[in-house]
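Engineer: predicted model follows, preceded by the sequence.
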Amino acid sequence: MKWWQTIFFFKYSLLLNLHIRFVETLQEDVAFTYNGFQGVDLSLGGIANITDNGLLTLANTSSQEMGHAFYPHLIHLRNSSTGTALSFSTTFVFAMFSELTTTGGPGIMFVIVPSQEFPEALPNYYFGIFNMTNLGLSSNHVIGFELDTIQMENFNDINGNHVSIDINDLKSVEAAPASYISDQENQYLNLSLISGQPMQLWVEYDGTKKQLKTGKANPSVDVFAFGAFLLEVACGRRPIEPQASEDCIVLVECVVSSWSRGEILETVDPKLEMNYVVEEMELVLRLGLLCSHSIPPARPSMRQVVRYLEREILLPTFLSFSRDFFVSLEYTRNAMNQFSSIAESQLSGGR
């Protein structure tokens, strides 16, 4: 049996929220959500710390130090019958800042590895995971999703502000400048990872298609992203479930269908077992739909979202959706096929 563990290493960063889901079979999955980290089951190492208000910090003003945060339980990411890698997805909200206004540190790396022990690991540019002698070794069994804020020529970094995917090495197999899609301008705009502003990132692996999908970092004001996140957490499933019934493959479409029949609560994650306030759950689901609308002007602003959550204003009693509403979810289908076979090998093989 092959067991993998999820590890976080952060430099110059704050982690605000985490939702991750591992699909084991068609009927069963492993999922956990951290809405703040106060009192949660988490293994911390180095200078990692949880603040009084529930934020996870893995860096401070110290130099040459490392901070790690581990999900403490082993997760099986390989189907024991077929030997294929299983699907998984994660989304998390983070913020990074630097004492210097023009440059940052090595950034953030979300990794999947077979162990939480790195006795020879170096800090800074090696992310507390690698060292000078083990870079590129297939025996590392490391898959990393990197938000990098400094350019290292020896690692072939494209710039000092990028998103990349690493396989056993810090020379990334895929990289792109940090950016987000502007609804107003209908184009990609540059995004400063060290701005100190909360941002959200998705990572998804489709075990059926053997595709690794890495969403771009988006600013917290991206209302559509926030809506998709609300629905994922409330319903306890991914935006796209290929094995679901035809009308529920797309999460938003499933919630809209239930809402139109007056049964929106039937989409709530069954693991919650009614341990929630009905009015609050309805608010979250309806707000998630409104934020996910395919027509940008129909979405509320983030200021309005906060006012809805604080119940300062009421949500519209009637939400109008058409079939093209669901086009917006196509972002989950944009796969990076060029390295899917590498990812499959790393997820399936090794220790």
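Structural biologist: Perfect, I can see it now.
Engineer: for the stretch 101-250 of the chain, what spans make up the strands?
Structural biologist: 108-113, 143-148, 162-167, 174-177, 179-182, 187-190, 199-206, 211-214, 218-219 (DSSP state E, counting those that start in this stretch).
Engineer: can I get these in TSV with mean neighbour count?
Structural biologist: Any C-beta I mention is one placed from the backbone N, CA and C, and that applies to glycine too. Formatted as TSV, those follow (neighbours: other CB atoms under 10 Å):
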stretch	mean neighbour count
strand 108-113	23
strand 143-148	24
strand 162-167	23
strand 174-177	16
strand 179-182	16
strand 187-190	10
strand 199-206	22
strand 211-214	22
strand 218-219	18
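Engineer: ok, which of the ones you listed comes nearest residue 79?
Structural biologist: Among the strands of the stretch 101-250 of the chain, the nearest to residue 79 by CB to CB is strand 199-206 (13.2 Å).
Engineer: if you average pLDDT over the closest one, what comes out?
Structural biologist: Averaging pLDDT along strand 199-206 yields 79.
Engineer: what lines up beside it in the sheet?
Structural biologist: strand 88-96 (antiparallel), strand 211-214 (antiparallel), strand 218-219 (antiparallel) (DSSP bridges).
Engineer: that one vs strand 162-167, what angle?
Structural biologist: Relative orientation of strand 199-206 and strand 162-167, computed by axes from the mean of the first three to the mean of the last three CA atoms, to 10 degrees: 30 degrees.
Engineer: restrict strand 199-206 to CA atoms and write it as PDB.
Structural biologist: Extracted in PDB, the C-alpha atoms of strand 199-206 (Å, rounded to 0.1, in the frame of the first residue of the first chain):
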ATOM      1  CA  MET A 199      -5.700  35.300  -2.600                       C
ATOM      2  CA  GLN A 200      -7.100  31.900  -3.400                       C
ATOM      3  CA  LEU A 201      -5.600  29.000  -5.300                       C
ATOM      4  CA  TRP A 202      -7.000  25.700  -6.600                       C
ATOM      5  CA  VAL A 203      -5.200  22.500  -7.300                       C
ATOM      6  CA  GLU A 204      -7.000  19.500  -8.800                       C
ATOM      7  CA  TYR A 205      -5.900  16.000 -10.100                       C
ATOM      8  CA  ASP A 206      -8.400  14.000 -12.100                       C
END
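Engineer: sorry, back to before: now the strands of the stretch 101-250 of the chain in JSON lines, with distance to residue 306?
Structural biologist: JSON lines is the format used below for the strands of the stretch 101-250 of the chain (distance: least, CB to CB, whole Å):
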{"stretch": "strand 108-113", "distance to residue 306": "26"}
{"stretch": "strand 143-148", "distance to residue 306": "25"}
{"stretch": "strand 162-167", "distance to residue 306": "27"}
{"stretch": "strand 174-177", "distance to residue 306": "30"}
{"stretch": "strand 179-182", "distance to residue 306": "20"}
{"stretch": "strand 187-190", "distance to residue 306": "23"}
{"stretch": "strand 199-206", "distance to residue 306": "16"}
{"stretch": "strand 211-214", "distance to residue 306": "29"}
{"stretch": "strand 218-219", "distance to residue 306": "15"}
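Engineer: looking at the ones you listed, which is closest to residue 47?
Structural biologist: For the strands of the stretch 101-250 of the chain, the distance to residue 47 is smallest for strand 108-113, at 14.9 Å, taking CB to CB.
Engineer: picking up where we left off before, out of the strands of the stretch 101-250 of the chain, flag the one nearest residue 135.
Structural biologist: Nearest to residue 135 among the strands of the stretch 101-250 of the chain is strand 162-167; the distance by CB to CB comes to 9.9 Å.
Engineer: that closest one vs strand 143-148, what angle?
Structural biologist: Per the same axes, to 10 degrees, the angle that strand 162-167 makes with strand 143-148 is 160 degrees.
Engineer: between strand 162-167 and strand 108-113, how big is the angle?
Structural biologist: Interaxial angle of strand 162-167 relative to strand 108-113 (the same axes, to 10 degrees): 20 degrees.
Engineer: parallel or antiparallel, which strands does strand 162-167 pair with?
Structural biologist: Counting by DSSP bridges, strand 162-167 is paired with strand 143-148 (antiparallel), strand 174-177 (antiparallel).
Engineer: and for the first one, what's in contact with it?
Structural biologist: When you say that, I think you mean strand 143-148. Residues outside strand 143-148 that contact it (CB atoms under 8 Å, 6 or more residues apart in numbering): 94, 96, 106-113, 127, 129, 157, 160-167, 172, 178, 193, 201, 203, 214, 217, 343, 346-347.
Engineer: sorry, back to before: among the strands paired with strand 162-167, which is nearest residue 58?
Structural biologist: Across the strands paired with strand 162-167, residue 58 has its closest neighbour in strand 143-148 (12.9 Å, CB to CB).
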